[in-house]
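Trainee: need coordinates for the below:
(2 chains)
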Amino acid sequence: MANGPTTGPCKLTPAPPNQVQCDYLSTPGTVNFSVAIYSGNGSVAFAALSLDGHAQPVNPPAVTLGQGAHKLLFVLAFSDPGAAAVIREACNPSQDLALVDASSPNETLRICVP
Amino acid sequence: MNSPIAVRAIVFVCVFNVLASVGSAQQAQTSPGNRKLPRGCAVIVKVIQSARTPQLRTQAIKGATDITTGNYADCFAQELLVPASATHASLSQLQKIAKQSSNRQVGSTNNTSGTTSAVSQPISLLSLASEYGGLTTETNNGTFTAQTTLDQLPSILAKDHLIGFCTLSSTEPRCTSGHSLDILHRFSASVTFNTSTSSKTVQALATGVGQGSTQQVSLTPHGNDRPSLSAVTAKYVFFNDRADASGPWAKAVSGATDVSQQAQTLAAKLSGLKEFSPPNYYYTKWQICVRNVLNGAPNDNVELVTARYYEELYKILILGLPFTCDQDDTGVATHVERDLGISKPGSPQPEPSLITALSDIQSALRDYQSAISSLQRSIETPVLAFQYDWNRPQSQPTNSTFRLIFSKNVLDATQENNVWTFTGNFAVAIYDSQPAATIPGARLLRDIQVGFEADRVLPKAPLLGQSTLSGAYYFQYQSSPAILNITPGTPISGITFTGLPPNATQVFAQKGNLHLAQLKWALGTGKNLRFPFAISYSNRTELISKPEWRAQFGVTYDFSAFLSGQASKGN
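Mentor: Take a look at the predicted model:
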């Protein structure tokens, strides 16, 4: 499992299902992520991370969010082409954010910071 | 020799074509309704159905209904690009529309990582493979070995876009898939040439009259100008182990420059996908409608709903037609207009720029998945393999060796580093033709070989980096005596015969069992360039029945790292 720091409370909360502009709401600050195999075999790692079009470090995978609407993009690398992974917020306790299948290894989350 | 190589080449091409055809034969999946669900959309159904918590399912539905995030680009591209009915325009027409649009995405394709390409090399295919990887070259003790696995060539062609690379969700008509390359990766071949011993001799003929102790001669070369072929090897791996524990895989990903570059390119293309401006009214209606329906649908109906609603995207985004939700259309329209503040347009709102953007993303996705596929194969370690060697030792009868190879890696407690590798061999060698009956004890069975090797990765040392210490034991039962072919009047390099009858064409040595122990130290563990040094002791050799100490050194370069883009650094 590729991990970011796991200490600290979670910052992200799910946005209402019918809100098209945001998947998650967040408080300002740094958000850490991790990824783990959800189904299938092998391992998974972050290959790229981008915030609003700007590349972010993947080791550790973390972004700093300011006020506004953000597009956070993950590209994952699977060792098994038949696996699926779950992207998590690395916090205490960690929370599952999104599922990613190896055949479509990228995921974009819309995060709004009010 | 040319014929077997030609036959092997034809077999390889046929195997590749069959594998490519198998990949292309898998077409779109049939949904429960009349419509075929595009292949790329099957993953959406899979992800939604596999979610085990309500939050993950809701997010999976959100991600699957947001075309401007670039999620599931294959699905959306196939819905928009592949004609689902006779009313759909062709891909070229759609791309023409997109190019005519003033707001289309324009970006340079900077995803070719190498400075050389397949077509720029004016040399043979083998050398072409050498340039990109695939080839591990070795010069050791007077031999030059070139070897490759059969997946390397199609991998190179896919990387250079000379053939398509496809995944489970892609629909290219003829392409090579990661699964096909996995199969080809199990086959490998190598060719070894003698470089230290010349296959060419020079004959001197005295001319003129000798003067004192000197004599003028005329020198004439005899023999072959080409390198001397020493062996041809074919190998098939029955079982592979994948060194894909979490730590090593993360290291492999971060160390693979090709993967990182392609991932960044993909991220850049995905980020280039702009929001619809102004917001697309009917597309937003579609989003709200499909989310409502999918959130209320049991898993069994997800495929049906997807098949029903995703084809609407072509009408909304390409043709600019209105969209009506099957369930509570008025409520959805009210939510879009009142809560989201998106007004109903007076004219159609096609989004033709989406086509080029999605095409670019698909292309970047293919390149990324091709790089990942190469990396996946590069971490495979063979566990059990069969090898056939066709040996042509100089001045000896040709022979064939059938070998079983077992290998096992042992990781450390953290499961992140390889510490030990154990390898075992069992082989039987036969002469390609029955030896002369006049040689006592000679028969078709040449020898039986058993060997074991243990390799221990040593800790990093200053300047030297990581290295490997190996100990090996090899036993050979000589069923037949070693035979040397000789040509009267042409001596064998390095051997002086005394008292040989002038008409002798073969000589043979005394047979016996051979025990050999070797200690080897190899610098450059985990790197592409390695320097092995070895010292060995044997109770005899095939020809000489006396103990012998020997030292060996070599240089090996693993070109396959170029293909997977792995950096040359230790683990």
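
Trainee: which element, helix or strand, includes residue B:367?
Mentor: According to DSSP states H and E, residue B:367 maps onto helix B:353-378.

Trainee: beyond that helix, next helix or strand please.
Mentor: Assigned by DSSP H and E, the successor of helix B:353-378 is strand B:380-391.

Trainee: ok and the helix or strand that that next one is followed by relative to strand B:380-391, angle-wise?
Mentor: Going down the chain from strand B:380-391, the next helix or strand is strand B:399-411, by DSSP H and E. Orientation of strand B:399-411 against strand B:380-391 (axes from the mean of the first three to the mean of the last three CA atoms, to 10 degrees) gives an angle of 160 degrees.

Trainee: need the next SSE after strand B:399-411, C-terminal direction.
Mentor: Assigned by DSSP H and E, the successor of strand B:399-411 is strand B:418-431.

Trainee: what strands line up against that following strand, and which way round?
Mentor: Counting by DSSP bridges, the strands paired with strand B:418-431 are strand B:399-411 (antiparallel), strand B:445-461 (antiparallel).

Trainee: quick one on the thing from earlier: name the residues of the helix holding residue B:367 that are buried.
Mentor: Neighbour-count burial for helix B:353-378, with 16 or more other CB atoms under 10 Å in any protein chain shown as criterion, is recorded at B:353-378. Quick note: C-beta positions are derived from backbone N, CA and C, even for glycine.

Trainee: hmm, back to that, the strands paired with strand B:418-431 into TSV, with extra columns for mean neighbour count and mean pLDDT?
Mentor: What follows is the strands paired with strand B:418-431, written out as TSV (neighbours: other CB atoms under 10 Å in any protein chain shown; pLDDT from 0 to 100):
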stretch	mean neighbour count	mean pLDDT
strand B:399-411	16	89
strand B:445-461	16	91
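
Trainee: so which of these is nearest residue B:257?
Mentor: strand B:445-461 (21.8 Å; CB to CB).

Trainee: considering only the buried residues of helix B:353-378, which also neighbour chain A?
Mentor: B:365, B:368, B:369, B:372, B:373, B:375, B:376 (CB under 8 Å from any CB of the partner chain).

Trainee: tabulate these (JSON lines), appending distance to residue B:437.
Mentor: As requested, these are exported to JSON lines (distance: CB to CB, whole Å):
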{"residue": "B:365", "distance to residue B:437": "66"}
{"residue": "B:368", "distance to residue B:437": "64"}
{"residue": "B:369", "distance to residue B:437": "61"}
{"residue": "B:372", "distance to residue B:437": "59"}
{"residue": "B:373", "distance to residue B:437": "55"}
{"residue": "B:375", "distance to residue B:437": "56"}
{"residue": "B:376", "distance to residue B:437": "54"}
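
Trainee: that's a helix at residue B:157, yeah?
Mentor: Yes: assignment of residue B:157 by DSSP: H, G, I helix; E, B strand; the rest coil places it within a helix.

Trainee: phi and psi next, for the closest residue in space to it that isn't next to it in sequence.
Mentor: Once flanking residues are discounted, residue B:157 sits nearest to residue B:163: 4.6 Å by CB to CB, 6 or more residues apart in numbering or on different chains. Dihedral pair for residue B:163: phi -130, psi 160, per degrees, to the nearest 10.

Trainee: number of nearby residues for residue B:163?
Mentor: 19 (other CB atoms under 10 Å in any protein chain shown).

Trainee: next: residue B:173.
Mentor: Quick note: residue B:173 (other CB under 10 Å) scores 12 neighbours.

Trainee: do the one 5 residues further on as well
Mentor: Using other CB under 10 Å as the criterion, residue B:178 is surrounded by 25 other residues.

Trainee: for chain A, just list every one of the strands.
Mentor: A:12-14, A:24-26, A:29-39, A:44-51, A:54-56, A:62-65, A:68-78, A:84-89, A:95-101, A:106-113 (DSSP state E).

Trainee: residues contacting the second one, please?
Mentor: Right, strand A:24-26. A:11-15, A:65, A:97, A:109-114 (CB atoms under 8 Å, 6 or more residues apart in numbering or on different chains).

Trainee: what's the mean pLDDT across it?
Mentor: For strand A:24-26, mean pLDDT is 96.

Trainee: next one: that strand to chain centre, how far?
Mentor: The chain centroid and the centroid of strand A:24-26 are separated by 12 Å under CA atoms, centre = their mean, to the nearest Å.

Trainee: name the helix or strand for residue B:179, please.
Mentor: Using DSSP H and E, residue B:179 falls in helix B:178-185.

Trainee: give me the helices and strands touching that helix, please.
Mentor: Counting contacts by 3 or more CB pairs under 8 Å, 6 or more residues apart in numbering or on different chains; DSSP states H and E, helix B:178-185 packs against helix B:2-25, helix B:152-159, helix B:353-378.

Trainee: if you average pLDDT over each of the ones you listed, which comes out lowest?
Mentor: If the helices and strands packed on helix B:178-185 are sorted by mean pLDDT, helix B:2-25 sits at the bottom with a mean of 39.
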